[in-house]
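Participant: Any chance you could fold what I've pasted below:
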Amino acid sequence: MSIDVLQAKIRKLKTPIMVGLDPVAELIPPALLEASFQEKGCDLNGLAHAYLRFCTDLLDALKGVVPAVKVQSACFEALGHAGVAAMEEVLAYAAKLKYYVLLETMRTDVGHIAAVSAQSLFGGVQVGDRSFLPYPCDGIVLNGYLGSDGIKPYLPWLQGENPKNLFVVVKSSNRSSAEVQDLISGDRIIHTAMADLTLRWSTDLFGKCGYGEVGAVVGGLAPRAIQNLRKRYDTLFFLVPGYGAQGGVAKHASYAFDRFGHGAIVSASRSVIGAWKQEEYAGLNHQAAAVAAVEKMKRQLETYVTVL
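Facilitator: From the prediction side, this is the model:
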């Protein structure tokens, strides 16, 4: 089970941290950016190459430091075909280095389109007598607010020889999420209705660690929601984004874990990959600064969470 793989990797490193690879030009060190422009041209091809170099540098530096990475598809897709090609390489490189690899698309679609997406992500694209897997990953982040027909085509891939897993957006980390996700529907809050669906989609797909293959994205900026959701849904594995740059803190993130320090992973992106720009890491390159930022984050989390 993929969720068992993720939990095992977390326990091995005693580090419940996932680093988000969300590259934008402003986070690329100027020397690296300029070198890519000189090699590939000062255009989208050059910028995509810079994204690729930046992300692979970080993957090299963080190997053995964090168990998991999350690749933000929107950042790469913004650059067109060159960006998508770079994302394919980043995903493949992360898989080669044995990270748990999560692809963040945060979208779903109507049933037949969702089936096409699920096949390409998890099953591969058949061309003649050959199959191609353009986006190698262990799991994917999906927006479940389109309902079941956008999620169900992914579920068959959560078991078998090479099982995958899903993380469904339940309570997102953006502050305006309350405009929709905290509304009352009948006797439930909207985001708890989504959590109910997420648990239902797990059916009997639970790993040996006790958590379902369909996990929940629960943003770190809503501590009361995290507490309530963990109390009510003790078999949902939580992905907690929003740490660092968005304002999430260790104490609030700690509410996502069970008493053994299991059942959750905390995601940070800009505060790690852009750490080289921060004054406290002055003099460090982007790789060393990222490692230092993760180590600081780990110390902060260890104040509240002990992974057994």
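
Participant: which residues touch V5?
Facilitator: Counting by C-beta atoms under 8 Å, 6 or more residues apart in numbering, V5 touches Y100, D138. (Glycine included, C-beta is placed from N, CA and C.)

Participant: hang on, it in a strand?
Facilitator: No - with DSSP: H, G, I helix; E, B strand; the rest coil as the criterion, V5 is located in helix rather than a strand.

Participant: and the gap between it and C209?
Facilitator: 10 Å (C-beta to C-beta, to the nearest Å).

Participant: same question, V71
Facilitator: Shown here: V71 relative to C209, a distance of 24 Å by C-beta to C-beta.

Participant: which of the two has more neighbours?
Facilitator: Here V71 and C209 are compared on neighbour count by other C-beta atoms under 10 Å; more neighbours surround V71, at 23 against 20.

Participant: Now the more buried one. Nearest residue, chain neighbours left out?
Facilitator: The shortest distance from V71 to any non-neighbouring residue, by C-beta to C-beta, 6 or more residues apart in numbering, is to L21 (5.0 Å).

Participant: ok, how many other residues are close to that neighbour?
Facilitator: Here the number of neighbours of L21 (other C-beta under 10 Å) works out to 26.

Participant: what ranges do the strands span in the protein?
Facilitator: According to DSSP state E, the chain carries its strands in the segments 17-21, 68-72, 100-104, 125-127, 130-132, 139-142, 165-171, 184-185, 188-189, 214-218, 238-243, 264-268.

Participant: Could you point out which of those strands sits nearest K298?
Facilitator: When those are ranked by proximity to K298, the top entry is strand 17-21, at 6.3 Å, counting by C-beta to C-beta.

Participant: Could you list every helix and strand in contact with the closest one?
Facilitator: Under the contact criterion of 3 or more C-beta pairs under 8 Å, 6 or more residues apart in numbering; DSSP states H and E, strand 17-21 touches helix 44-62, strand 68-72, strand 100-104, strand 264-268, helix 270-273, helix 286-302.

Participant: Now render those as JSON lines, adding distance to L27 and mean pLDDT.
Facilitator: Formatted as JSON lines, the entries for the helices and strands packed on strand 17-21 read as follows, by distance: least, C-beta to C-beta, whole Å; pLDDT from 0 to 100:
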{"stretch": "helix 44-62", "distance to L27": "8", "mean pLDDT": "98"}
{"stretch": "strand 68-72", "distance to L27": "12", "mean pLDDT": "98"}
{"stretch": "strand 100-104", "distance to L27": "16", "mean pLDDT": "97"}
{"stretch": "strand 264-268", "distance to L27": "13", "mean pLDDT": "98"}
{"stretch": "helix 270-273", "distance to L27": "6", "mean pLDDT": "97"}
{"stretch": "helix 286-302", "distance to L27": "8", "mean pLDDT": "98"}
